[in-house]
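Participant: Kindly return the folded structure for what I paste below:
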Amino acid sequence: MRYLTILFILYTSLFCTCYAKSTENDEKTVFFVFSEECFDKLVIQKDFLHISCIKKTLSEIISYTIIVLSVILKAPQIYKIIQKSKVTGLSFDSIFFELFVYSFSIAYNVHKQNPWKLYAENIAILIQTIIIVALFKIYEKSFTLRQFYVRTAIFIGVNFPFFTGMIPNSIFNLAIIINICLIMFARLPQIWSNFRNKDTGQLAFITIFLQFAGAAARCFTILVSSTDGMLILLNVISVALNFTLVFQMLTYWNSKKGKKD
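Facilitator: Sure thing, here's the model as predicted:
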């Protein structure tokens, strides 16, 4: 109960900080999903063929849907690990790099004062990924307490300057490039591990599929709401890598059944 309380406080604090810093440039909305102009066009004037407003409103709806679903995105994976009491098939390096992908994405978007709806899901997924890292410590016998503390210190040490304003603006411009590299480091070891073993181990298909669907949906919302070329590139790469994992899950599904038989 104490752990859940701490988790809730951390989650709420991080969300409120990001929301407060990024709502200054947010466009005023009606019923959360309509801009004032689009509400007038689509609802008042009933101009249902106004393509620009349709895309914009759809983007808002998708953004909120992504945020809601992200709260339970990794729940199937966490449940599967706890149920089986093992982390077989999961690449710790992939998961560890994933932490930086989400934390850097939050830091970059907050710094750029992008609308909070474009990255709020990263907060929820970051918390869930931290839980999976903790489960590695519990269920992976070869993962020592010293290794756990070292990785924790690295994560906090690297992120602290980004979230405390100690990093100059020029470095933030490189953050998205670093994130592109990180997301590749986060996914490629898992993809290679799956290919080498011809098996996906304890990977949960629902989690992998939701990650792909979420990445694809987020890519659409960013294409509609942002002109940041590097941010668009990051999401395109994310979609491609998550699709590869989904493809592997489907490809090795039969071989997994064969092993059970």
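Participant: Could you identify the helix or strand that succeeds the longest helix along the chain?
Facilitator: In the chain, assigned by DSSP state H, the helix with the most residues is helix 169-197. Moving toward the C-terminus from helix 169-197, the next helix or strand (DSSP states H and E) is helix 205-225.
Participant: Could you give the separation of that next one from the chain centroid?
Facilitator: Relative to its chain's centre, helix 205-225 lies at 9 Å (Cα atoms, centre = their mean, to the nearest Å).
Participant: One more: stretch 238-251?
Facilitator: With Cα atoms, centre = their mean as the basis, stretch 238-251 stands 15 Å off its chain's centre.
Participant: Keeping just the C-alphas, turn it into CSV.
Facilitator: C-alpha atoms of stretch 238-251 as CSV (Å, rounded to 0.1, in the frame of the first residue of the first chain):
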residue,chain,number,x,y,z
SER,A,238,8.7,3.9,-33.3
VAL,A,239,5.9,2.7,-35.5
ALA,A,240,8.3,0.6,-37.7
LEU,A,241,10.0,-1.0,-34.7
ASN,A,242,6.8,-1.8,-32.8
PHE,A,243,5.3,-3.3,-36.0
THR,A,244,8.4,-5.6,-36.3
LEU,A,245,7.7,-6.9,-32.7
VAL,A,246,4.0,-7.5,-33.6
PHE,A,247,5.1,-9.4,-36.7
GLN,A,248,7.5,-11.5,-34.7
MET,A,249,4.8,-12.3,-32.2
LEU,A,250,2.5,-13.5,-35.0
THR,A,251,5.4,-15.4,-36.8
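Participant: Give me the contacts around it.
Facilitator: Here stretch 238-251 makes contact (Cβ atoms under 8 Å, 6 or more residues apart in numbering) with 183-184, 187-188, 190-191, 194-195, 200, 203, 205, 208-209, 211-212, 215-216, 218-219. For glycine as for every other residue, the C-beta is placed from the backbone atoms N, C-alpha and C.
Participant: Next, the buried residues of the longest helix of the chain.
Facilitator: 172, 175-176, 179-180, 182-191, 193-194 (16 or more other Cβ atoms under 10 Å).
Participant: what do you get for stretch 76-85?
Facilitator: For stretch 76-85, the neighbour count (16+ other Cβ under 10 Å) marks P76, Q77, I78, K80, I81 as buried.
Participant: Thought T207 was touching the first one, still the case?
Facilitator: Yes: applying Cβ atoms under 8 Å as the test, P76 and T207 come out as touching, 4.9 Å apart.
Participant: What residues of stretch 39-51 count as buried?
Facilitator: In stretch 39-51, counting by 16+ other Cβ under 10 Å, buried: F39, K41, L42, H50.
Participant: mind checking how far the second one is from A75?
Facilitator: Using Cβ to Cβ, to the nearest Å, K41 is found at 39 Å from A75.
Participant: And for the third one?
Facilitator: Relative to A75, L42 is positioned 35 Å away (Cβ to Cβ).
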